[in-house]
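1. Got a predicted model here, sequence first, then my questions.
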Amino acid sequence: MSKINFLDLGSQPMANNYLKSQKPDDEYFYNLNAVFDDEKKLVSLSEFVPPEMMFNETYAYRASMSLTMQDANKKFSKKIKSKFNPKKILEIGSNDGAFLKNFKNSTVIGVEPCKNLAKITNSMNILTHDKFWNTLLSKTILNESGQFDLIYSANTISHIHDLDDTFNAVDKVLDNNGIFVLEDPSLLEIIKNVSYDQFYDEHAYVFSVSAINNLLKLTNLEIFDVEKTTTHGGSNRIFIKKKSNNMGILDSVKLTLSEEEKFGINNFETYQKFSEKVKYSKKKLLDIFDKIKKNNNQIIGYGATAKSSTVLNYCGINTDFIDYFIDTTESKQGKFTPGTHIPIIKPDEKIGSHINFAYLGAWNFKKEIFNKEKDYLSRGGKFITHVPFPQII
Ligand code: TMP
């Protein structure tokens, strides 16, 4: 097996590790490099951070935090109900119940290793196993609850290091006629948007549909449909069934695989070119920040996302450039951004009238944020973004 390094994003902290102190003495750093496995056509990090360090009782990310995500979950749940009418649903990575709470009339079970989040869903009467997803847990669930006709997992499978074990565990608890829906950021969109900020400790893998298709070849599972969603700047929703289930395979699978192939997702040269674009993106973003600071303007950050942690640390954007971040997530407020130690505060109703520049950390919620900040924009307030290329909007 040959894994080739193509992207070096330098020394990075854990992206969701918001700090209680601005001067921590024990912050963990690792080298963030991405590699391409030429055999499976799979992109991953070269070094994995131990899962217990990332997913524990202090985990900050809340899936219910934005209207965009709430709407997306509601809409997809409705679609699932009318298309598949599942009676028993298992979610791997159930976070704060953003998806499962839409299925009040079904049997729903969550799996969530972050104990603070599992506590939330358990208190909502959603039985949640506060454990990591693996074959061992799937056996326990099988014994206690039997098989499921829908297994859903959004932004989680790409976090799990042992993919063979993950798919085997799914196979165990999936009913023979059941479906497994896997949703993760699309490698194709990431490359097109030069959104290198999708590379961080939690994203051990960044999936193309082609890579998932290759990984499933050695399992009892196969893809039967693919949808593109706008979540997290562009994701693939991949519908998987057991090979023994003779439900037809839809054209979307062939079409997506051929779109990826044509784009060059299976060729190492594509990743070399991407890496060059990332270096250029850093240079251009720093030019923008330098120019604004030279004119003595203040810059704030908007949305202290895990993604933005990669950008800030890779580009060396710290408190010299950004005074503070505003973020609606309570557990991030009063803390400091990992590695770059920028204060995070609770937003007031609107961005203050003395602010003219805001770096859009949550660029994936641009539409929602621009809607909320109409006044800021109409008085000439600007956003800085690096996606799809560094610019002031
Ligand atoms: P995510 O991109 O990892 O989902 O994180 C989005 C973060 O952005 C989350 O902490 C909430 C924050 N946010 C705001 O602060 N204001 C907003 O209007 C939106 C939509 C998100």
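-> That came through, no problem.
2. Grab the most central residue of the protein for me.
-> Asn155 (5.1 Å; CA atoms, centre = their mean).
3. Not counting residues beside it along the chain, what's closest to that one?
-> Asp184 (6.1 Å; CB to CB, 6 or more residues apart in numbering). Where C-beta positions appear, they are placed from N, C-alpha and C, glycine not excepted.
4. and that neighbour, what is it in contact with?
-> When contacts are counted by CB atoms under 8 Å, 6 or more residues apart in numbering, Asp184 touches Ala154, Asn155, Thr156, Ile157, Ser158, Tyr205, Val206, Phe207, Ser235, Asn236.
5. now, which of those residues lie within strands?
-> Per DSSP state E, strands hold the following members of the contacts of Asp184: Ala154, Tyr205, Val206, Ser235, Asn236.
6. If we only consider the contacts of Asp184, which is nearest to the ligand?
-> Nearest to the ligand out of these is Asn155 (CB to the nearest ligand atom; 8.8 Å).
7. hmm, what's the outermost residue in the chain?
-> Asn295 (35.2 Å).
8. Tell me the pLDDT of that one.
-> The per-residue pLDDT reported for Asn295 equals 96.
9. One more: the one 3 residues further on?
-> Per-residue confidence at Gln298 stands at 96 (pLDDT).
10. show me the contacts for it.
-> Applying CB under 8 Å, 6+ apart, the residues near Gln298 are Asp323, His354, Ile355, Asn356, Phe357.
11. one more time with 6 Å
-> Asp323 (CB atoms under 6 Å, 6 or more residues apart in numbering).
12. Identify the residue spatially nearest to Ser11, adjacent ones excluded.
-> Using CB to CB, 6+ apart, the nearest residue to Ser11 is Phe29, at 4.8 Å.
13. Could you do Ser64 as well?
-> Using CB to CB, 6+ apart and skipping the chain neighbours, the partner closest in space to Ser64 is Ala98 (4.4 Å).
14. Repeat that for Pro51.
-> Phe132 (6.2 Å).
15. The one you found reaches Pro113, doesn't it?
-> Yes. Here Phe132 reaches Pro113: they are 4.7 Å apart, a contact under CB atoms under 6 Å.
16. The two: who's more crowded?
-> Pro113 (22 against 18; other CB atoms under 10 Å).
17. Distance check, the more buried one against the ligand.
-> 18 Å (CB to the nearest ligand atom, to the nearest Å).
18. And what about that residue, helix, strand or coil?
-> Assigned with DSSP: H, G, I helix; E, B strand; the rest coil, Pro113 falls in the coil class.
19. excluding its backbone neighbours, what's nearest the residue in the stretch 51-200 of the chain that the ligand sits nearest to?
-> Closest residue of the stretch 51-200 of the chain to the ligand, CB to the nearest ligand atom: Ser66 (3.8 Å). Spatially, and ignoring its direct neighbours in sequence, Ser66 is nearest to Phe365 (5.4 Å; CB to CB, 6+ apart).
20. Fine by me, thanks again.
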